[in-house]
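*Asks:* Here is the input, now give the coordinates:
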Amino acid sequence: MSLDFYPRKGADGQPVKVDSGFGPSSHPAPSFIGTLKDEHEDRWLVNTPLLLHDHPKIRLLAKRLTSLKATPRDQALACFAHLRAMPFGCIADSTGTSAVGVLRAGKGDCHTKSTLMLALLRSLRIPSRMRFVTMKPDFLYGIADLGGHPIEHAYIEVLLDDEWLALDSHVVDPRLAMAAKARLKIEGRKLGYGMHRDGSIQWDGRTSSFGQFTVSDPDSMPLHDWGAFDDPYQFYSSVAYVRQRLSLAGRVKWMIGARLVNRRVHALRDKPVEVPAQAGHGATPDFEPTAAPEN
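*Replies:* Here you go, the predicted structure:
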């Protein structure tokens, strides 16, 4: 099966092409990070039912991670290090899992890890938000079959010294990143297994940092910018194009797909050179493409 949640045909029955919100001269600042200057920074400190940044477990974790960190930058870096160390893995309900739920699961993907990181940052009174973009399916080659369709990706934006810095380099844990890059090098690919070959798993707290795409490779750049949100549920419930992800069919599809993704991720971590080169492109019988669900 594929993880294509959304209809790709317009009223005329022709495939819908996702338009680009970036253009050929995309650059990490300020063209797609966005500043939203008309909004006060307190806008990005609010709580939500998914963030739960006032929950005792979130507050205690934030305090433990940052007890010796004097500046917001150092505190943000401590949160980043904690999330990066958490193993990458899909949670069955990535659109509705709270930050506390991510703690309980002990793993996460771009949606869920970013939910927890936002909760920690906001509990520390560091303005932060989640930006959603549409990506080509190439970066998930080898671990997920997307049927050739784009997929939505989330990354974090943190306000430090009046500058918004963007990052998704916390999503893939170091062990998986090294295994992914080893596979990409062997196969001569730039994208796959959740990483770009030149992607980063580091962040200095002063510049933006991405693991899933890089400005030096225009073909890897996002296709569309959906804007900034407080959490995944806010995005999927308010943007019509992706709302079907919240349907029962969408949730069941992801629940099944998440198990298969996790199986491949575990195999890649344990034996990086033995993962089939064509996994994720319908090469395995348990992950054959299917038609997208109807509205």
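*Asks:* Residue 207 is in contact with residue 166, isn't it?
*Replies:* No: contact criterion C-beta atoms under 8 Å: residue 207 and residue 166 do not qualify, at 9.4 Å. C-betas here are computed from N, CA, C, even on glycine.
*Asks:* Looking at the two, which one has more neighbours?
*Replies:* residue 166 (20 against 13; other C-beta atoms under 10 Å).
*Asks:* The more buried one and residue 215, how far apart?
*Replies:* 11 Å (C-beta to C-beta, to the nearest Å).
*Asks:* Quick check: phi and psi at the spatially most central residue of the chain.
*Replies:* Note on the chain: the residue nearest the mean C-alpha position is residue 110, at 2.4 Å, using C-alpha atoms, centre = their mean. Here is the backbone geometry of residue 110 (degrees, to the nearest 10): phi -60, psi -30.
*Asks:* So it is in contact with residue 168, correct?
*Replies:* Yes: counting by C-beta under 8 Å, residue 110 does reach residue 168; the two are 6.1 Å apart.
*Asks:* Which neighbours do these two have in common?
*Replies:* Jointly contacting residue 110 and residue 168 under the rule C-beta atoms under 8 Å, 6 or more residues apart in numbering are 153, 154, 155, 212.
*Asks:* Turn these into TSV, columns for neighbour count.
*Replies:* Output for those, formatted as TSV (neighbours: other C-beta atoms under 10 Å):
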residue	neighbour count
153	23
154	24
155	24
212	24
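*Asks:* Could you identify the most distant pair in those residues?
*Replies:* The span of these, defined through C-beta to C-beta, is set by 154 and 212 at 10.3 Å.
*Asks:* what touches both of those two?
*Replies:* By C-beta under 8 Å, 6+ apart, residue 154 and residue 212 have these common neighbours: 110, 168.
*Asks:* mind checking how far the residue lying closest to residue 107 once chain neighbours are set aside is from residue 110?
*Replies:* Excluding the flanking residues, the one nearest residue 107 by C-beta to C-beta, 6 or more residues apart in numbering is residue 89, at 3.5 Å. The gap separating residue 89 from residue 110 is 12 Å, by C-beta to C-beta.
*Asks:* likewise residue 95?
*Replies:* Taken as C-beta to C-beta, the span from residue 95 to residue 110 is 12 Å.
*Asks:* Also residue 77?
*Replies:* For residue 77 relative to residue 110 (C-beta to C-beta), the value is 19 Å.
*Asks:* do residue 81 as well
*Replies:* Remark: distance between residue 81 and residue 110 (C-beta to C-beta) = 17 Å.
*Asks:* same check, this time on residue 154
*Replies:* 5 Å.
*Asks:* cool, and residue 173?
*Replies:* From residue 173 to residue 110 the distance is 13 Å (C-beta to C-beta).
*Asks:* Also residue 163?
*Replies:* 22 Å.
*Asks:* So in the protein, which strand runs the longest?
*Replies:* strand 151-160 (DSSP state E).
*Asks:* now the strands: where do they sit in the protein?
*Replies:* 128-135, 151-160, 163-167, 191-192, 195-196, 224-229.
*Asks:* Quick one: residues contacting the closest residue to residue 246 other than its chain neighbours.
*Replies:* Nearest non-adjacent residue to residue 246, counting by C-beta to C-beta, 6+ apart: residue 236, 5.4 Å away. If you count contacts by C-beta under 8 Å, 6+ apart, residue 236 has them with 95, 242, 243, 245, 246.
*Asks:* Which residues are in contact with the first one?
*Replies:* Yep, that's residue 95 we're talking about. Here residue 95 is in contact with 111, 232, 233, 236, 245, 246, 251 (C-beta under 8 Å, 6+ apart).
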